[in-house]
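1. Below are the sequence and a predicted model for it; my questions follow.
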Amino acid sequence: MRAVMALIVLMLASPAVAAEPFRTVVFDLELIDMSQEADAGIRDDQTRRLQRVSDELRELLRSSPQIQLIDWTDKIDEVRQKSPLHNCNGCAEDLAKELGADLLVSGIVQKTSNLILSFAITIKDVRSGKPIRGGQADIRGNTDDSWLRGIRWVAKNRLLSEPLSVQP
């Protein structure tokens with residue numbers, strides 16, 4: 001009887017078994033440049049920042065026990081061909097399904113000027129195509145630090161602020 005009681009106490013004291021993490025694909029963020037500089041073409045510093053904040057977003061999401069990142073590098077040519085994903089009429093969801101993902105994370109950086117930029121990130125349920133979480137942050141300044149501050153804020157205060165749930 002003591003052994004049974006001890007087992008019950010241990011079971012009650014131990015944390016609940018965590019659910020399986022959501023298999024998640026995180027595509028690179030995309031730039032929508034609405035500034036007066038847009039006509040000059042793609043700037044190398046902004047291309048580098050896009051990659052840096054995309055990688056930072058993946059690392060922040062990877063730290064969540066609810067998320068298991070999926071490597072999508074074998075689809076990189078297909079992704080580039082269909083880019084921009086925010087404007088491809090559902091192709092990001094199709095790619096995520098092909099990869100066996102539960103969740104799809106994508107987003108944009110909208111540049112209004114060198115002073116005013118904003119991030120908009122969405123997490124979608126791949127099966128239904130419906131957004132389950134999203135976040136936006138406005139930043140001031142077109143610098144490495146401001147971009148990183150923006151993506152970290154969105155991840156912490158919007159994307160990972162509560163447990164993720166997908167409707168069956």
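-> Now that the structure is in, tell me what you want to look at.
2. Would you check that Val126 makes contact with Val105?
-> No. Taking contacts as C-beta atoms under 8 Å, Val126 lies outside contact range of Val105: 10.6 Å. C-betas here are computed from N, CA, C, even on glycine.
3. the more surrounded of those two?
-> Remark: of Val126 and Val105, Val105 carries more neighbours, 26 against 23, as counted by other C-beta atoms under 10 Å.
4. Does the more buried one touch Arg23 like I think?
-> No. The criterion here is C-beta under 8 Å, and Val105 misses it with Arg23 at 11.7 Å.
5. after the longest helix along the chain comes which helix or strand?
-> Secondary structure of the chain per DSSP state H: the longest helix is helix 44-62. Going down the chain from helix 44-62, the next helix or strand is strand 67-69, by DSSP states H and E.
6. what does that following strand contact?
-> Strand 67-69 is touched from outside by 21-26, 58, 61-62, 103, 164, with contacts defined as C-beta atoms under 8 Å, 6 or more residues apart in numbering.
7. and with 10 Å instead?
-> Taking contacts as C-beta atoms under 10 Å, 6 or more residues apart in numbering, the residues outside strand 67-69 that touch it are 20-26, 58-62, 101-103, 105, 123, 159-160, 164.
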